[in-house]
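got a predicted structure plus its sequence, pasted below:
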Amino acid sequence: MTLQSKAPRSRLDPEPMARRDWLGLSSLWTMGAALLFGVVGMLRLPKAAVLASPSKKFKVALPETLPAGEAFVPPGRAVAVYRDAEGTYAVSTICTHLGCVVKANPEGFECPCHGSRFNADGTVSRGPAPRALPWLKVQLSGGVVVVDEGTTVPSGTKVA
Ligand code: FES
């Protein structure tokens, strides 16, 4: 004789689940949820951080009124383009010390990072920059100036 009284079971009541079955089902649900979260997490991973870089070759529309010996810096480019009586040329504005972008001024260029100064032809007038600013390849194509940032040319190379 038991001390607990059992209420009579209705035939509409669900079958009681065995503990072993319940543990098996809950572990299955846990595995499914972990798999789902893993897939969602992988889908949300950031895309590759490599972005397409702009072409090293680009066209420059020099202003008609650009005075001889005055730098024209195309927006978004680290290049100064000049036009004088001997032709058109381009000087990189990447400092040869540690790679800051130099600012053009009437005397040439000045580096905002460590104070190097360059003449308008790119030669160093004050260190710590170890080398002159490189000259870049320029082509004239149908009256349009095409600068190739990826190709250096000897200093003094101008195209007419
Ligand atoms: S990066 Fe230009 S002077 Fe150092």
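Sure, I can see it.

tell me what Ser141 is bridged to.
When bridges are called by DSSP bridges, Ser141 pairs up with Val144.

next secondary structure after the lowest-mean-pLDDT helix or strand in the chain?
Sorting the helices and strands of the chain by mean pLDDT, DSSP states H and E puts strand 57-60 at the bottom, at a mean of 78. Counting by DSSP states H and E, the next helix or strand C-terminal to strand 57-60 is strand 79-84.

buried ones in that following strand?
Buried residues in strand 79-84, counted by 16 or more other Cβ atoms under 10 Å: 79-83. C-beta: built from backbone N, CA, C; applies to glycine.

and which of those is nearest the ligand?
Ala80 (15.0 Å; Cβ to the nearest ligand atom).

ok so, going back, which positions within the least confident helix or strand of the chain qualify as buried?
Those would be Val60, for strand 57-60 by 16+ other Cβ under 10 Å.

identify the residues contacting it?
Contacts with strand 57-60, where a contact means Cβ atoms under 8 Å, 6 or more residues apart in numbering, come from 72, 74, 77, 79, 81, 141, 144-150.

for ChimeraX, write the selection for the buried entries among these.
Filtering the contacts of strand 57-60 down to the buried ones (16+ other Cβ under 10 Å) takes a single ChimeraX command:
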select :72,74,77,79,81,145,146,147,148,149
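
between the contacts of strand 57-60, which is nearest the ligand?
Val79 (16.3 Å).

skip the chain neighbours and tell me the closest residue to that closest one.
Ala90 (5.2 Å; Cβ to Cβ, 6 or more residues apart in numbering).

was I right about that neighbour contacting Val146?
No - shown here, Ala90 and Val146 do not form a contact pair, counting by Cβ atoms under 8 Å, at 9.8 Å.

quick one: common contacting residues for the two?
Val138.

surely Leu35 is within a helix?
Yes - per DSSP: H, G, I helix; E, B strand; the rest coil, Leu35 lies within a helix segment.

that one: what's it in contact with?
Applying Cβ under 8 Å, 6+ apart, no residues contact Leu35.

now for the contacts of strand 57-60: which two are most distant?
Distance extremes for the contacts of strand 57-60: the farthest pair is Phe72 and Gly150 at 19.7 Å, using Cβ to Cβ.
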